[in-house]
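*Asks:* Take this sequence and fold it.
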Amino acid sequence: MNPIIDHIQITVKNLEIAEPFYDKLMPILGFDINRKSKGTVKAHEFDVVEYFHPLLIFAINSPREAFKNDTVHRRKPGALHHLAFKVDSTTEVDELYPLIKSTGAKIVNPPQFYPQHGEHYYALFFKDLEGIKYEIVTSNSTQNVIR
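*Replies:* Numbers count the residues shown, from 1 in each chain. A predicted model of the protein is given here:
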């Protein structure tokens, strides 16, 4: 088996608030906003918004009624700690930085090297409107920009 991810679904607190944010973010990450779809999964009581890319489907889901007031925290058991999207170079991380900022994302750490993760590990960390953490990263040893 090749460990290739087909789709990722993340539950957000409020789909009506999250969807406009992800509508801005996903094209920056390479998803075709024209291929977005929406639906309801009645058997599991959630609405879903899916963003399509030939290599990955990314979706946001509404929460169960019983959990809708829970606080998002990446350190809770079973929670998503963060999700990293890989790019080819530090230049690409740097170019994506102002685009990510323009979505209204909260920048946790601007682009920089993280030697604790490897000599060439260069990343940008940000959170969505509800506190879900993401990363744009390159660890390519042939960097376009060395700082």
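*Asks:* Domain-wise, how is this protein divided?
*Replies:* Here the chain is described, according to automatic domain parsing, as comprising the domains 7-65, 83-138.
*Asks:* can you redo the ones you listed as JSON lines with mean neighbour count, distance to Val72 and mean pLDDT?
*Replies:* For glycine as for every other residue, the C-beta is placed from the backbone atoms N, C-alpha and C. Putting these into JSON lines (neighbours: other Cβ atoms under 10 Å; distance: least, Cβ to Cβ, whole Å; pLDDT from 0 to 100) gives the following:
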{"stretch": "domain 7-65", "mean neighbour count": "15", "distance to Val72": "6", "mean pLDDT": "96"}
{"stretch": "domain 83-138", "mean neighbour count": "16", "distance to Val72": "4", "mean pLDDT": "96"}
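*Asks:* got those as TSV, with distance to His73 columns?
*Replies:* Putting the domains of the chain into TSV (distance: least, Cβ to Cβ, whole Å) gives the following:
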stretch	distance to His73
domain 7-65	12
domain 83-138	7
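*Asks:* For Arg74, which of the ones you listed is the nearest?
*Replies:* domain 83-138 (5.6 Å; Cβ to Cβ).
*Asks:* Can you pull the phi and psi angles for Asn34?
*Replies:* For Asn34, the backbone dihedrals (degrees, to the nearest 10) come out as phi -70, psi -10.
*Asks:* who touches stretch 34-44?
*Replies:* With contact meaning Cβ atoms under 8 Å, 6 or more residues apart in numbering, stretch 34-44 is reached by 23, 26, 46-52.
*Asks:* Return the distance of the residue of the chain positioned farthest from its centre relative to Pro27.
*Replies:* Distance from the centre of the chain peaks at Ala43, with 26.3 Å (Cα atoms, centre = their mean). Between Ala43 and Pro27 the distance is 31 Å, computed by Cβ to Cβ, to the nearest Å.
*Asks:* Past the helix or strand harbouring Phe125, which element shows up next along the chain?
*Replies:* Secondary structure here is read from DSSP states H and E; on that basis Phe125 sits in strand 122-127. Per DSSP H and E, strand 122-127 leads on to strand 133-138 as the next helix or strand towards the C-terminus.
*Asks:* and that next one, which strands flank it?
*Replies:* In the sheet, strand 133-138 lines up against strand 83-86 (parallel), strand 122-127 (antiparallel) (DSSP bridges).
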